[in-house]
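*Asks:* Starting from these lines, generate the structure:
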Amino acid sequence: MTEGRHHKVVVIGGGTGGIAVAAHLLKEMEALDIAIVEPADTHYYQPGWTLVGAGVINAAKTARSMSSVIPKGVKWIKDGVRDVSPESNALTLTSGDQLGYDFLIVAAGIKIDWDAIPGLKENLGKGGVVSNYDYQQAPKTWQALQDFKGGAALFTQPPPPFKCPGAAQKILYLADDALRKSGVRANSKLIFCSAAAGIFPVKKYADALNQVIARKELDMRYQTKLVEIRAETKEAVFDKGGEEEVIKYDMIHVTPPMSAPDFLKGSAISDGGGWVDVDLHTLQHKKYANIFGLGDCTNTPNSKTAAAIKGQTPVVASNVVAAIKDQVGKAAYDGYASCPLVTGYGKLVLAEFDYNMLPKETFPFDQGRERRSMYYLKRYALPKFYWDVLLKGGDLNIGGS
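*Replies:* Numbering: from 1, shown residues only. The predicted structure follows:
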């Protein structure tokens, strides 16, 4: 056990938020002592996995080594976090080591609860049970679509919180196109089972999506939550308003339930649900002034997307620098988030909105329409922006992710 390690700023998490905020901080304070705590060897561009599942891009294009994305000058501590002790400004790492900090930024992401649905984990990737929410599994969605010969294809969306809220429905629209191309759509039924009350919380984009749904003749079932998969009989069990509903499937794409990372559940820095308890505008912890949070692990009521992190990163960096200088941070986050809603091959509705669920659009045209240009933005521009700008501390104003 190593005692006494200490850094001016410690960042928990080497995902989008952790890498982006560390890079941004170095641009604001060049010689700042920063360490990132992250156990994984690989960093993933997760917004690309929907297109992997639709056969558009190769999964390998979404992965890079963690060492290649950690900003130069930042110390990488290849370990996990077991506990946060805010009163003593220290972390207990998975290895048992202690790590001290002056300022802490928590960007720990979200936990995917594969075990929360009985029958899901052990059957994932076989028998028509697939999910785009994993690097190894996303290619199996495309394989399942290629193998599909007709019947019932189910697509599920759990109650929030979950990351990339649009991904659950994007694969539905792309699957419709794929099955039309393969000639089996006519003898297929595509069913979307969502725990939500409607297709999207922002009316402008919901109106556009409902037109897509009508055109594609999709069977939409709202307030319908997946609770079990019976793989041996190819049945999915749902809770529909307290009543059990069983639907037979030939293929089922599952968006799994998600929760806060385990080390945050019951932590002194989290709220009752396990999420880092921060001010929704400053992203500074409500009790501990030297702790900040961003990304999926906080309790801010925005959509959990990479685009939200794009909006949060400069706010956290600015307010951390102010705190280091014993000043009051003035930067504020307005809840900006974006969902590039792929509605088919070559079609996309770019939804951008704030805390008030009001559109906050980047481009000088009506984004409440399907556009080929926005699909190309998603397919080509956003991955380049992610790797070359966002993760390197840049601020280029480009919608979505």
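*Asks:* Could you use CA atoms for every contact and neighbour count after this?
*Replies:* Fine.
*Asks:* next one: stretch 147-163 to chain centre, how far?
*Replies:* When C-alpha coordinates are averaged (C-alpha atoms, centre = their mean, to the nearest Å), stretch 147-163 and its chain have centres 17 Å apart.
*Asks:* what's the answer for stretch 290-301, then?
*Replies:* Going by C-alpha atoms, centre = their mean, the spacing between the C-alpha centre of stretch 290-301 and its chain's C-alpha centre is 14 Å.
*Asks:* Kindly report the same for stretch 383-394.
*Replies:* Averaging C-alpha positions (C-alpha atoms, centre = their mean) puts stretch 383-394 16 Å from its chain's average.
*Asks:* what's the model's confidence in that stretch, averaged?
*Replies:* The average pLDDT within stretch 383-394 is 96.
*Asks:* same deal with stretch 254-268?
*Replies:* The model assigns stretch 254-268 a mean pLDDT of 97.
*Asks:* In that stretch, which residues are buried?
*Replies:* Within stretch 254-268, the residues that qualify as buried by neighbour count (16 or more other C-alpha atoms under 10 Å) are 254-261, 263-265, 267-268.
*Asks:* Check stretch 327-347 too.
*Replies:* Neighbour-count burial for stretch 327-347, counted by 16+ other C-alpha under 10 Å, picks out 329, 331-347.
*Asks:* Equivalent analysis for stretch 286-302, please.
*Replies:* Along stretch 286-302, the positions that meet the burial threshold by neighbour count (16+ other C-alpha under 10 Å) are 286, 288, 290-300, 302.
*Asks:* can you check stretch 271-285 too?
*Replies:* The neighbour-count check on stretch 271-285 (16+ other C-alpha under 10 Å) flags 271, 274-285 as buried.
*Asks:* From these, which land in helices?
*Replies:* When these are checked against helices (DSSP state H), there are no matches.
*Asks:* Can I get those residues in CSV including pLDDT and distance to A153?
*Replies:* Converted to CSV, these look like this (pLDDT from 0 to 100; distance: C-alpha to C-alpha, whole Å):
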residue, pLDDT, distance to A153
D271, 97, 38
G274, 97, 34
W275, 98, 34
V276, 98, 37
D277, 98, 39
V278, 98, 40
D279, 98, 41
L280, 98, 39
H281, 98, 41
T282, 98, 43
L283, 98, 41
Q284, 98, 44
H285, 98, 43
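*Asks:* Let me know the closest of these to N58.
*Replies:* When the buried residues of stretch 271-285 are ranked by distance to N58 (C-alpha to C-alpha), W275 comes first, at 33.2 Å.
*Asks:* my guess is that closest one meets N299, correct?
*Replies:* Yes. Taking contacts as C-alpha atoms under 8 Å, W275 lies within contact range of N299: 5.2 Å.
*Asks:* about what we covered before: closest one of the buried residues of stretch 286-302 to A208?
*Replies:* Proximity to A208 was ranked across the buried residues of stretch 286-302 by C-alpha to C-alpha; first place goes to N302, at 21.1 Å.
*Asks:* how close does the residue nearest to the closest one when sequence neighbours are not counted get to G295?
*Replies:* Excluding its sequence neighbours, the residue lying closest to N302 (C-alpha to C-alpha, 6 or more residues apart in numbering) is G335, at 5.4 Å. When C-alpha to C-alpha, to the nearest Å is applied, the distance between G335 and G295 equals 11 Å.
*Asks:* Please apply the same query to T50.
*Replies:* Summarising the geometry, the distance separating T50 from G295, computed by C-alpha to C-alpha, is 20 Å.
*Asks:* any residues in contact with both of G335 and G295?
*Replies:* By the contact definition C-alpha atoms under 8 Å, 6 or more residues apart in numbering, G335 and G295 are jointly contacted by A308.
*Asks:* got the residue ranges for the helices in the stretch 151-300 of the chain?
*Replies:* With helices called from DSSP state H, counting those that start in this stretch, the stretch 151-300 of the chain shows them at 167-182, 203-216.
*Asks:* so can I have a markdown table of the ones you listed showing mean neighbour count and distance to V237?
*Replies:* A markdown table is the format used below for the helices of the stretch 151-300 of the chain (neighbours: other C-alpha atoms under 10 Å; distance: least, C-alpha to C-alpha, whole Å):
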| stretch | mean neighbour count | distance to V237 |
| --- | --- | --- |
| helix 167-182 | 21 | 18 |
| helix 203-216 | 16 | 23 |
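*Asks:* Quick one: those helices as TSV, columns for mean pLDDT and distance to D239 too.
*Replies:* What follows is the helices of the stretch 151-300 of the chain, written out as TSV (pLDDT from 0 to 100; distance: least, C-alpha to C-alpha, whole Å):
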stretch	mean pLDDT	distance to D239
helix 167-182	98	18
helix 203-216	98	23
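*Asks:* dump the residue contacts of A20.
*Replies:* If a contact means C-alpha under 8 Å, 6+ apart, then A20 has 313, 390-393 as its contacts.
*Asks:* On the three-state scheme, S67 is what?
*Replies:* Of the three states, S67 takes helix under DSSP: H, G, I helix; E, B strand; the rest coil.
*Asks:* what are the phi and psi values for the residue nearest to it when sequence neighbours are not counted?
*Replies:* The spatially closest residue to S67, leaving aside those adjacent along the chain, is D41, at 7.4 Å (C-alpha to C-alpha, 6+ apart). When quoted as degrees, to the nearest 10, the phi and psi of D41 stand at phi -90, psi -20.
*Asks:* thought D41 was touching S68?
*Replies:* No. The criterion here is C-alpha under 8 Å, and D41 misses it with S68 at 9.9 Å.
*Asks:* What residues sit buried inside stretch 131-149?
*Replies:* Applying a neighbour-count criterion of 16+ other C-alpha under 10 Å, one finds 131-133, 135, 137-145, 148-149 buried in stretch 131-149.
*Asks:* ditto for stretch 40-49
*Replies:* By neighbour count on 16+ other C-alpha under 10 Å, the buried set for stretch 40-49 is 43-49.
*Asks:* Could you tell me which of those residues are located in helices?
*Replies:* Among the buried residues of stretch 40-49, the subset assigned to helices under DSSP H consists of W49.
*Asks:* Let me see the contact set for N319.
*Replies:* 282, 284, 328-331 are the contacts of N319 under C-alpha under 8 Å, 6+ apart.
*Asks:* List just the nearest of the contacts of A20 to L99.
*Replies:* The closest of the contacts of A20, once distances to L99 are taken by C-alpha to C-alpha, is T313, at 23.5 Å.
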